[in-house]
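A.B. asks: Generate a structure from the sequence data that follows.
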Amino acid sequence: TQAGRPLFYIEKHLGQPGQTASTILMGGATSAGVPASWDSSRKGTGICYVAINMEADWDALHTVGIPNVSARIRGVKAYDPRTSATVYTQNPALLARWWLVDSGYCPTTLDAEIDEDELIASANVCDELVEFSAGNFAARYTANGYINSNANPLENLNKILGAMDGSALWLSGKWQLLAGYYRTPQLHIDESKLGGGGITISPYTPTANLFNAISGQFTGPATSYQASGYGIIAPAEYLAEDGGQVYEKKDDFDLVNEATRCQMIAWQRLSRARQQLAINIDCNLKAYDTSPLQNVTLSLAEFGYDAKVFEVRKRTFAGTHIEYSLQETGPAVWEWDYTMMDAVVDIPNVNVPVTLRVDQLTGVTITSGTESLLINNDGTITSRIKVTWDEVQSTFVR
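C.D. replies: Okay, the predicted model is just below:
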């Protein structure tokens, strides 16, 4: 104001049906001598916008210039299959569905092309209460920020998924929108499900892909919506495991607006990555019924695995067999609260004993006679003896 007279006028228009045109813009068009350029017919239905009239008083503005204008707004209304309502929400799972189905800014996705069961499960996970500070409980995952409609649709989808530490995949004609949480294994793989191919075990992550710390930036009310670091997650034990060498990964969050929630997601990602045991295994079609990002249990006596939990990282269908890439996991990589900033997760691995000793054979029987003779192609006969013994129990010999 100047001497009590306003220098700024602001009108909010939320885009609802029946809203009227901006009096500021109509007045400005009239003052400019072109009233038809913004008349009462320009209501902006469906468009949320702010109209601002700033009077240039250089005595008041000469030190700062014309101010930049920004606003805090509520975002879109998204359909929630749990209630059949379309309401304002911060739930990333519901917003991911909105982006694909209702936004109009990406290739058309039909409602029937969203796996509703998985959507509901992920939406419930997002709403789970987590303790972010002593006595302060809030939803595990929220999405707060903005995405640019000019950006690549997949890039925007990944930003929404990142807010729930999740992923998306196309499976059997439907989108699976998966929040980050521990999934109870639905498939058990044992020797009866092995195919004809080999098994490759990688106990450690290659150095090129290894990291023991995560840091990055976020924007939120605590930083006046300016980009700021959310605080590094770097448990000392992981650093010690890597010989004191820091391998830092950068993870920025566009739609997570609280530092502690960013740290939670960073901790979860680091905890999962530090479970380094990976297996490539060839299976028969009995092991068909699972998909990437689901968990399986693996029992292989040869390697000492007894219902050990792995996440499916990749599945390749090769006609008569299936190749799986698995990485060890467990519930502990998701069990976070504010006291665990420096906590580590160590899922025990089985150390298969290696021995050069072979048990002495028992029940040895040696026989010979007519049944043991070998008749060669030229008609000659070779005498032989037959030796049998009890079945050997050693896993390595078997």
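A.B. asks: shaky segments in the stretch 1-150 of the chain?
C.D. replies: 60-61 (pLDDT under 70).
A.B. asks: For it, just list every one of the strands.
C.D. replies: Per DSSP state E, counting those that start in this stretch, the stretch 1-150 of the chain carries strands over the ranges 8-13, 49-54, 77-80, 85-88, 129-133, 136-139.
A.B. asks: Most tightly packed of those strands?
C.D. replies: strand 77-80 (a mean of 18; mean count of other C-beta atoms under 10 Å). For every residue, glycine as well, the C-beta is placed using N, CA and C.
A.B. asks: what packs against that one?
C.D. replies: With contacts taken as 3 or more C-beta pairs under 8 Å, 6 or more residues apart in numbering; DSSP states H and E, strand 77-80 sits against strand 85-88, helix 92-101.
A.B. asks: Now distance to E328 too, for these, in a markdown table please.
C.D. replies: Shown next, in a markdown table, are the helices and strands packed on strand 77-80 (distance: least, C-beta to C-beta, whole Å):
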| stretch | distance to E328 |
| --- | --- |
| strand 85-88 | 40 |
| helix 92-101 | 26 |
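A.B. asks: what's the burial count for C262?
C.D. replies: For C262, the neighbour count with other C-beta atoms under 10 Å is 25.
A.B. asks: Can you verify it is assigned to a helix?
C.D. replies: Yes. Applying DSSP: H, G, I helix; E, B strand; the rest coil, one finds C262 inside a helix.
A.B. asks: residues contacting it?
C.D. replies: By C-beta atoms under 8 Å, 6 or more residues apart in numbering, the residues touching C262 are G216, F218, Y230, G231, F253, V256.
A.B. asks: Correct me if wrong: the first one contacts F253.
C.D. replies: Yes. Taking C-beta atoms under 8 Å as the contact criterion, G216 and F253 are neighbours in contact, 6.6 Å apart.
A.B. asks: Between the two, which contacts overlap?
C.D. replies: Y230, C262.
A.B. asks: Which one's more surrounded, the two?
C.D. replies: A direct count of neighbours by other C-beta under 10 Å for G216 and F253 places F253 higher, at 24 against 21.
A.B. asks: Surely the more buried one is in contact with A227?
C.D. replies: No. The pair F253 / A227 is not scored as a contact, 10.4 Å apart, by C-beta under 8 Å.
A.B. asks: Helices of the stretch 1-150 of the chain, residue ranges please.
C.D. replies: 23-31, 58-61, 92-101, 116-127 (DSSP state H, counting those that start in this stretch).
A.B. asks: Out of those, which one sits most buried?
C.D. replies: Using mean count of other C-beta under 10 Å, helix 92-101 ranks as the most buried of the helices of the stretch 1-150 of the chain, with a mean of 26.
A.B. asks: Show me how far that one is from its chain's centre.
C.D. replies: 15 Å (C-alpha atoms, centre = their mean, to the nearest Å).
A.B. asks: Stretch 281-299 now?
C.D. replies: 20 Å.
A.B. asks: List the buried residues in that stretch.
C.D. replies: 281-283, 287, 290, 292-299 (16 or more other C-beta atoms under 10 Å).
A.B. asks: Quick check: strands, which of those are part of them?
C.D. replies: Mapping those onto strands (DSSP state E) picks out I281, D282, C283, N295, V296, T297, L298, S299.
A.B. asks: mind listing what the last one touches?
C.D. replies: The contact partners of S299, by C-beta under 8 Å, 6+ apart, come to H188, I189, D190, E191, Y305, D306, A307, K308.
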